[in-house]
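1. Provide a 3D model corresponding to the input given below.
(one chain, ligands or ions: 2)
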Amino acid sequence: MDVPVRSSRPTPGQLALAERLARGDAALGAGIKTLPARLYLDEDRFAQEQERLFGRLPLLLGPSAMLPQPNQAIAHDDYGVPLIVSRDGEGRAHVLANVCRHRGTRLIESGDVVPANRIVCPYHAWAYRSDGALAGVPRAECFPGLEKSDFGLREFAAFESGGLIWFRRSLEGNFVAVEQLVDDMDAFGLAALHLYRRNTHDVAANWKLVIDAFLESYHVARLHAATIGPFFADGITAADTIGLHQRAVVGRADYLANIDRSDWGELRRAVTYTYHLFPNTVVVVSPDYINLLICYPQSAGRTLVEDIMLIPEAPTSADAERHWQKSWDLLDAGTFGGEDFRAAALCHQGLASGLVPEITIGSLEHGIAEFHAKVDAALA
Ligand code: FES
Ligand SMILES: [Fe+2]
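-> Numbers count the residues shown, from 1 in each chain. Ligands and ions are numbered 1, 2, ... in the order given. Presented below is the predicted three-dimensional model:
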């Protein structure tokens, strides 16, 4: 099925990268590098990452498409903080504590999108608006002098642009690091996409092992031989950086040389753009859909990975539904669940034995070394 990709044009940066690939300027790192296995195993390091990376940097909560209408909300717990992501009556995104200001009860219980004109506490029915303001207190005379305006839900800093919703745990800081991504995401028309499916994988691996799997193309022809491997030329890749983030293309250089590279449809059929949004998210741009993979570290050896598939519009026929379902199954259960995440878990198992104290990184894998250098810099 040929689905039009709703977007403008590639950005100059996206085009330049495709042109490098077409010219055959492979992004080969220089020589072999090693990394200590304890980067993935050490609980103290894990605690430092939580404090200095996840505690300070903007973190992705999901695509704008997870809240398609004003006055909707969804609970979000995977960063270890009970959150509500909401959209107010004007459509503005808010990130609120999912904790009642009366006696601390959890407000939204499930992980489904709920209407949020009123968020009503299940205990004594204090009611909040979708922007977190306290709107109603039953038997208000029992709280003499209580100023409702002082009892709104605790709110975190939020940022929505380029079709993505971010928050920060800390009061200090800004969203400059993710503002740099907006042009690229807008070029894919991310804000207008429809959320087709989401699924959370419980992966027995350090979160950085999951990210590593998307920072090298060395494995694509081998690990993915039974799924997507045949769609790609072996090791044909080019990469660059946008601030802390990495942008890569993999694909078929011979085909790429002969197409109109300013035509998004042709370009996206020829190459796959992959982004690593530092620190914990991967964006995979297929010809007519996009997957977001958000890693939520739970411990040094366990990561929840949410796979979210975005498509141009809600399926309107059985044919369209079958088309998207096939792509979803190929990537979510096959390529990601059955291959990339499985490889990460097997890697964690092997390293946890202590029998290989350092890992070896070849010239097609230098994106991994760059990622770990940025983590080191942030922890220093
Ligand atoms: S705890 Fe929420 S209304 Fe009492
Ligand atoms: Fe992979």
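
2. all the helices of the chain, residue numbers only.
-> 12-23, 38-41, 43-49, 176-179, 182-187, 207-212, 220-223, 253-256, 264-270, 318-328, 341-352, 366-379 (DSSP state H).

3. out of these, which gets nearest to ligand 1?
-> Comparing the helices of the chain against ligand 1 with CB to the nearest ligand atom, the closest turns out to be helix 43-49 (31.3 Å). (Each C-beta comes from the backbone N, C-alpha and C, glycine too.)

4. check which residues of the closest one are buried.
-> Using 16 or more other CB atoms under 10 Å as the test for burial, helix 43-49 gives Arg45, Phe46, Glu49.

5. name the helices or strands packed onto it?
-> Applying 3 or more CB pairs under 8 Å, 6 or more residues apart in numbering; DSSP states H and E, we find helix 43-49 packed against strand 290-299, helix 366-379.

6. most tightly surrounded among these?
-> Mean neighbour count (mean count of other CB atoms under 10 Å) peaks for strand 290-299 among these, with a mean of 21.

7. run me through the strand neighbours of it, direction for each.
-> Using DSSP bridges, strand 290-299 pairs in its sheet with strand 281-285 (antiparallel), strand 302-311 (antiparallel).

8. which residues does that strand contact?
-> Strand 290-299 has contacts (CB atoms under 8 Å, 6 or more residues apart in numbering) with 43, 46, 49-50, 54, 60, 62-63, 78-80, 188, 190, 193, 206-207, 210-211, 214, 280-284, 303-310, 331-332, 336.

9. average pLDDT for it?
-> The pLDDT scores in strand 290-299 average 98.

10. and the gap between Lys33 and ligand 1?
-> 53 Å (CB to the nearest ligand atom, to the nearest Å).

11. helices and strands of the chain: which one bottoms out on pLDDT?
-> helix 253-256 (a mean of 69; mean pLDDT, DSSP states H and E).

12. rewinding a little: relative to ligand 1, which of the strands paired with strand 290-299 is closest?
-> Using CB to the nearest ligand atom, the nearest of those to ligand 1 is strand 302-311, at 27.6 Å.

13. next, the angle helix 341-352 makes with the closest one.
-> Strand 302-311 runs at 160 degrees relative to helix 341-352, counting by axes from the mean of the first three to the mean of the last three CA atoms, to 10 degrees.

14. circling back to that earlier point, next, format the strands paired with strand 290-299 as a markdown table and append mean pLDDT, mean neighbour count and distance to ligand 1.
-> Shown next, in a markdown table, are the strands paired with strand 290-299 (pLDDT from 0 to 100; neighbours: other CB atoms under 10 Å; distance: least, CB to the nearest ligand atom, whole Å):
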| stretch | mean pLDDT | mean neighbour count | distance to ligand 1 |
| --- | --- | --- | --- |
| strand 281-285 | 97 | 23 | 33 |
| strand 302-311 | 98 | 22 | 28 |
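
15. tabulate those (a markdown table), appending distance to Thr360.
-> Converted to a markdown table, the strands paired with strand 290-299 look like this (distance: least, CB to CB, whole Å):
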| stretch | distance to Thr360 |
| --- | --- |
| strand 281-285 | 23 |
| strand 302-311 | 23 |
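
16. who wins for proximity to Arg38 among these?
-> Set against Arg38 and scored by CB to CB, the strands paired with strand 290-299 come closest in strand 302-311, at 16.9 Å.

17. run through the protein and note the low-pLDDT ranges.
-> 1-7, 26-29, 253-254 (pLDDT under 70).

18. get me the contact residues on it for ligand 1.
-> Residues of the chain lying close to ligand 1 (CB under 6 Å from any ligand atom) are Cys100, His102, Arg103, Thr105, Cys121, Tyr123, His124, Ala125, Trp126.

19. of those residues, which pair is most distant in space?
-> Arg103 and Ala125 (12.2 Å).

20. the two: which is more packed in?
-> Each of Arg103 and Ala125 has its neighbours counted (other CB atoms under 10 Å); Ala125 has more, 14 against 10.

21. what about Val176, how many residues close to it?
-> 10.

22. quick one: it from Arg168, how far?
-> 11 Å (CB to CB, to the nearest Å).

23. check Arg342 too.
-> 33 Å.

24. repeat for His245
-> Counting by CB to CB, the gap from His245 to Arg168 is 17 Å.

25. now Pro138
-> Distance from Pro138 to Arg168, by CB to CB: 34 Å.

26. next: Phe54.
-> Counting by CB to CB, the gap from Phe54 to Arg168 is 10 Å.

27. equivalent analysis for Pro12, please.
-> 29 Å.

28. among those two, which residue is more densely surrounded?
-> Legend: neighbour count by other CB under 10 Å for Pro12 and Arg168, higher for Arg168 (20 against 10).

29. identify the residue nearest that one in space, chain neighbours excluded?
-> Ala157 (4.7 Å; CB to CB, 6 or more residues apart in numbering).

30. quick check: the one you found touching Ile165?
-> No. The pair Ala157 / Ile165 is not scored as a contact, 11.8 Å apart, by CB atoms under 8 Å.

31. overlap in contacts, these two.
-> Common neighbours of Ala157 and Ile165 (CB under 8 Å, 6+ apart) are Val95.

32. the two: who's more crowded?
-> Shown here are Ala157 and Ile165; by other CB under 10 Å, Ile165 has more neighbours (22 against 16).

33. and the residue of the chain most remote from its centre, how far from Leu134?
-> Distance from the C-alpha centroid of the chain, by CA atoms, centre = their mean, peaks at Glu141 (46.1 Å). Glu141 sits 16 Å away from Leu134, going by CB to CB.
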